[in-house]
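Undergrad: model the following, please.
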Amino acid sequence: MEQNIVNKQIHLVILGQDASILDESSESAYRTSVYAESFAGISVYIFAKKIPKKVSTYKNVFVFGFSTLAQSLLAFIQIYKDIQLLKKKGVDVLVSTQDAFEIGLIGLIISRLSGLLLHVQIHADISSKYMQHESVRAYIQYHLSRFVLRRADKIRVVSRRIELFCIQKLR
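TA: The predicted model follows:
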């Protein structure tokens, strides 16, 4: 069971693919703004092909969208610089990714380069046979998720089945 922690000293950096968060009137943006009340601030970096706009700000949430591979490479540099700036100001930073695949790998690299903890959320059933055998991409994602999850500092799962998989296969 996850414990809710309120810490106004931590700035949360979220990496994800849900482009709807760029729309301040979306359900995703609402949930994030409520979640942001527990933190000093939240910076969200979205990697998606179709994004409604590139930047959005509401309450203490700052959202940045990147829609091309070139932008994504520049995003890596921007995220790293943003984190370093926060650390220079004395702010504690936590990196959280919304998947354990490509975004998880980016989060892992950034967290290790910055000396930060990595929190990974798992929303897909990585224990399914589909993830292991259905396609080349799914096969790569399956093994990538195992690599990332073994190195994550904290993992959040959405089902008991995924939790059992993590306990049994990732030790």
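
Undergrad: where does residue 30 fall, helix, sheet strand or coil?
TA: Residue 30 carries the three-state label helix when classified by DSSP: H, G, I helix; E, B strand; the rest coil.

Undergrad: next one: it from residue 71, what distance?
TA: Here residue 30 is placed at a distance of 26 Å from residue 71 (CB to CB, to the nearest Å). All C-beta atoms are positioned from the backbone trio N, CA, C, and that covers glycine.

Undergrad: same question, residue 170
TA: Distance of residue 170 to residue 71, computed by CB to CB: 32 Å.

Undergrad: so where's this protein uncertain?
TA: Within the chain, the segments meeting pLDDT under 70 span 1-8.

Undergrad: which residue, other than its chain neighbours, is closest to the residue sitting nearest the centre point of it?
TA: In the chain, the C-alpha nearest the mean C-alpha coordinate belongs to residue 97, at 1.6 Å (CA atoms, centre = their mean). Nearest-residue entry for residue 97: residue 107, 3.7 Å, with adjacent residues in sequence omitted and distances by CB to CB, 6 or more residues apart in numbering.

Undergrad: in a helix, that neighbour, correct?
TA: Yes: under three-state DSSP, residue 107 falls within a helix.

Undergrad: check contacts around it.
TA: 15, 95, 96, 97, 118, 120, 148 (CB atoms under 8 Å, 6 or more residues apart in numbering).

Undergrad: which members of those residues are positioned in strands?
TA: 15, 95, 96, 97, 118, 120 (DSSP state E).

Undergrad: okay, helices next: where are they in this structure?
TA: Using DSSP state H, the helices assigned to the chain run over residues 27-36, 69-88, 102-114, 129-133, 136-151, 160-169.

Undergrad: highest mean neighbour count out of these?
TA: Most buried of the helices of the chain by mean neighbour count (mean count of other CB atoms under 10 Å) is helix 102-114; its value is a mean of 20.

Undergrad: pretty sure residue 40 contacts residue 13?
TA: No: using CB atoms under 8 Å, residue 40 makes no contact with residue 13, being 11.5 Å away.
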